[in-house]
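J.: 3D, please:
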Amino acid sequence: MTPSLVLAIAGGALIAAGVYLLLERSLMRILLGVMLAGNGVNLLFLVAAGPAGLAPIVGEPRDEIADPLPQAMVLTAIVIALATSAFLLAMSYRSFQLEGHDEVADDVEDSIVRRRAQADLSSEAHVEPSLGGDDDTESGGRLVLDEPDEDDATDRGDAAAEGADGGPERRGER
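T.: Predicted coordinates for the structure are as follows:
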């Protein structure tokens, strides 16, 4: 195995461990996951940049000079990772101060979606697909018009109740 292959495998392992830690609930583990994944990406970026060379100083042969762009990008990524780590560390500390732990709580909407999925309920926006008739091309379902009540027909007249004039029933307005 060549050194660049070993470094590529090490970068992949760092990214895999980082993604695994990102899926945890503890903010400290999320912080470690971000740091590991960032270091793995930086390592892979430097491996992909090619072999090491001489410093890019005037007078050196062009064939032996290393490309400074990947190194500059990795340095920038290190600075961004430092700022992200400081932010996550501050957020974890504040969460520990307020709640006594640094675990990320469930979102209210997520728990509603989970309960609906367990009960196999569909959302209000779901439209059943139709076999014929007026198709709603955006969702693939059927176009449902509001049926007028008998009281509405007497109040507005028969033509407006049937929607013959393109009234509110046809346009979906109220």
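J.: next, the buried residues of the strand or helix carrying residue 97.
T.: Assessed by DSSP states H and E, residue 97 sits inside helix 68-99. For helix 68-99, a neighbour-count test (16 or more other CB atoms under 10 Å) marks 70, 74, 81, 88, 92, 95 as buried. Every C-beta, even on glycine, is put in place using the N, C-alpha and C of the backbone.
J.: for this protein, what are the low-confidence residue spans?
T.: 1-2, 121-174 (pLDDT under 70).
J.: please enumerate the strands of it.
T.: Along the chain, the stretches classed as strands by DSSP state E are 135-136, 141-142.
J.: redo the buried residues of helix 68-99 as TSV? Include distance to residue 46.
T.: Conversion of these to TSV gives the following (distance: CB to CB, whole Å):
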residue	distance to residue 46
70	6
74	6
81	14
88	24
92	29
95	34
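J.: out of those, which comes closest to residue 23?
T.: Closest approach between these and residue 23, by CB to CB: residue 88, at 15.1 Å.
J.: for the residue nearest to that closest one when sequence neighbours are not counted, which residues are in contact?
T.: In this structure, residue 88 finds its nearest non-sequential neighbour in residue 31, 4.3 Å apart by CB to CB, 6 or more residues apart in numbering. Taking CB atoms under 8 Å, 6 or more residues apart in numbering as the contact definition, residue 31 lies against 85, 88-89, 92.
J.: residues contacting residue 101?
T.: By CB under 8 Å, 6+ apart, the neighbours of residue 101 are residue 95.
J.: so which of the contacts of residue 31 comes closest to residue 62?
T.: Nearest to residue 62, judged by CB to CB, of the contacts of residue 31 is residue 85 at 37.9 Å.
J.: how much space separates that closest one from residue 96?
T.: Noted for residue 85: a distance of 16 Å to residue 96, by CB to CB, to the nearest Å.
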